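Student: Pasting a predicted model and its sequence here:
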Amino acid sequence: MHEQGRAGPGTMIGPLELAANGLTAVAIVLAGRNNVHTWWTGIVGCTLFGILFAQSRLYADVALQAFFVATSVVGWWKWVRGDHGDPLPITHARAANLAWTVPLGVAATAGYGMLLHLTTNAYAPFLDSAVLVFSIIGQILMMQRRVENWAFWLLVNSIAAPLYFSRGLVLTAALYAGFWVNAVVSWRSWHKRAAQHSKLIDSRPQEPARQSPPRRQGEPSCPK
């Protein structure tokens, strides 16, 4: 009798994995095209993936999917209304912010990976932790429509594809390999969109500085 809830090489692809991959693939492609419908499709796909990863004992990924669902609601709103009620434009992250984000991500990966190693029966806890931590960073940057989010998704997909394949999640591994290609294409596309937005801002006429009305003769320069 096969053990319930444990994936392994040769495991058949079930309807849950098919549905999770299909919806997530749609969400990722829409994100690359800067389409706001990426968020609700992602919410459904991440919910299904959370169930799938729980069955495969990838507990960090379960927590990650819960995070994705919550932040997708916020990201949805920010893309539509995040710029003072207007749609949020695509821009670049500040270099100073990225300079501390990467080492913080490495430290968090090591810390959470050790926690999983000591307290759970997680498979590949440090790799699983890296997927979680850098996906969180990528998601936060995507919520803010920052171009650099795609660099972090490239890293995540490079780790996730072989990790999921090793757990028998063949379709999911293949999908994440496709996500890697999509991240490259989307990175270039968002970079062009950010440049177009920057040119648009630079081409707008500057509002003239407001001048104070001339002071009448004998009027004090400041109130008493």
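Tutor: Nice, thanks for sending it over.

Student: which SSE is residue 80 in?
Tutor: Secondary structure assigned from DSSP states H and E places residue 80 in helix 59-81.

Student: Can you give me the buried ones in that helix?
Tutor: For helix 59-81, burial by neighbour count (16 or more other CB atoms under 10 Å) applies to 59-65, 67-69, 71-72, 75-76, 78-79. Where C-beta positions appear, they are placed from N, C-alpha and C, glycine not excepted.

Student: residue ranges with poor pLDDT in this structure?
Tutor: The model of the chain has pLDDT under 70 over residues 1-12, 202, 204-224.

Student: and with 80 instead?
Tutor: 1-13, 60, 82-85, 200-224 (pLDDT under 80).

Student: Can you tell me which residue is spatially central in it?
Tutor: In the chain, the residue lying closest to the centroid (CA atoms, centre = their mean) is residue 139, at 2.0 Å.

Student: how close does the nearest residue to that residue once chain neighbours are set aside sit to residue 39?
Tutor: Spatial nearest neighbour of residue 139, chain neighbours left out: residue 71 (5.4 Å); criterion: CB to CB, 6 or more residues apart in numbering. Distance, residue 71 to residue 39, using CB to CB, to the nearest Å: 9 Å.

Student: cool, residue 90 as well?
Tutor: Distance, residue 90 to residue 39, by CB to CB: 15 Å.

Student: Next: residue 105.
Tutor: From residue 105 over to residue 39 the distance is 23 Å, taken as CB to CB.

Student: residue contacts, the closest residue to residue 47 other than its chain neighbours?
Tutor: Spatial nearest neighbour of residue 47, excluding adjacent residues (CB to CB, 6+ apart): residue 69 at 6.0 Å. By CB atoms under 8 Å, 6 or more residues apart in numbering, the contact set of residue 69 is 43, 46-47, 50.

Student: Let's see if you can find the most crowded of these.
Tutor: residue 46 (22 neighbours; other CB atoms under 10 Å).
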